[in-house]
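Q: quick one: sequence plus predicted model below, questions after.
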Amino acid sequence: MKSLKRKMLAAREDLVDKISEIARERGTLYDYINETLQEAIRANSLGFSLKEIIDERWIIEVAKDSGFTPIPERLWFDLIERAHQRLGKRWMEKLWYETGQWYGRYYGDLNKFKDVIKNLMWDISEFEVSSTDGNLIVRCISSKFSHSYSELFSNFLEGVLNALGYDFVGGDVSKGVINLKFKELKGG
């Protein structure tokens, strides 16, 4: 049996103490360090850092906890289109707005919400939130959004931003393109 050579790695004392504590719960320090290094190498070979993988895993956990459900996009878009035609525009717009308000309160922070949207809504090619002249500008682009879906998603975004302390000022919604403008509520 061939013996494996060992090398010494240097690390900050506080990190070594915490890793040692975790390792005691899971086995040996040697095994835990090797597993961690092996996973770092695997992440790198996939083109990611461990930080990126952990951050994205956090996004998935938060989404799961807040009620997001993965569904094949073709089913989702077809269902939304048919429901929008049959159940009535006003009812669906109100539902999407109220759901947006719930998510705005749930996340409570615009940056957290942006991260979730960017990481979970794979069908969105561009999602930007910027400040210009005291206004908050939200821009969303997706070649997969129908006009109906674009309108409903804009209602969702309006609800989120309202819950986060912004008042809808105006905007433009067309098939696959959403441009919305908000102003911060007084005292918000």
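A: Cool, got the structure. Numbering: from 1, shown residues only.

Q: looks like Ile53 contacts Arg42 (just checking).
A: No. Between Ile53 and Arg42 there is no contact under C-beta atoms under 8 Å: 9.5 Å. Placement of C-beta: from N, CA and C, glycine included.

Q: neighbour count winner among these two?
A: Neighbours were counted for Ile53 and for Arg42 using other C-beta atoms under 10 Å; Ile53 has more, 15 against 12.

Q: give me the element the more buried one is part of.
A: helix 50-65 (DSSP states H and E).

Q: quick one: name whatever helix or strand follows that helix.
A: helix 73-87.

Q: let me see the contact set for Val138.
A: Shown in contact with Val138 (C-beta atoms under 8 Å, 6 or more residues apart in numbering): Glu128, Val129, Leu157, Leu161, Gly171, Ile178, Asn179, Leu180, Lys181, Phe182.

Q: quickly find the element holding the residue nearest the centre of the chain.
A: Among the residues of the chain, the one closest to the centroid is Val116, at 1.1 Å (C-alpha atoms, centre = their mean). In this assignment (DSSP H and E), Val116 forms part of helix 110-120.

Q: what do you get for Ala40?
A: Assigned by DSSP H and E, Ala40 belongs to helix 29-45.

Q: would you mind getting the angle between that helix and helix 50-65?
A: Per axes from the mean of the first three to the mean of the last three C-alpha atoms, to 10 degrees, the angle that helix 29-45 makes with helix 50-65 is 90 degrees.

Q: my read: Ile59 touches Ile117, true?
A: No. When contacts are counted by C-beta under 8 Å, Ile59 is not listed as touching Ile117 (9.8 Å).

Q: give me the distance between the two termini of stretch 66-76.
A: This stretch, stretch 66-76, spans 18 Å end to end (C-alpha to C-alpha, to the nearest Å).

Q: quick check: mean pLDDT of that stretch?
A: Average pLDDT, stretch 66-76: 81.

Q: got the domain boundaries for this structure?
A: 13-47, 70-184 (automatic domain parsing).

Q: single out the most deeply packed of these.
A: domain 70-184 (a mean of 16; mean count of other C-beta atoms under 10 Å).

Q: perfect, that will be all.
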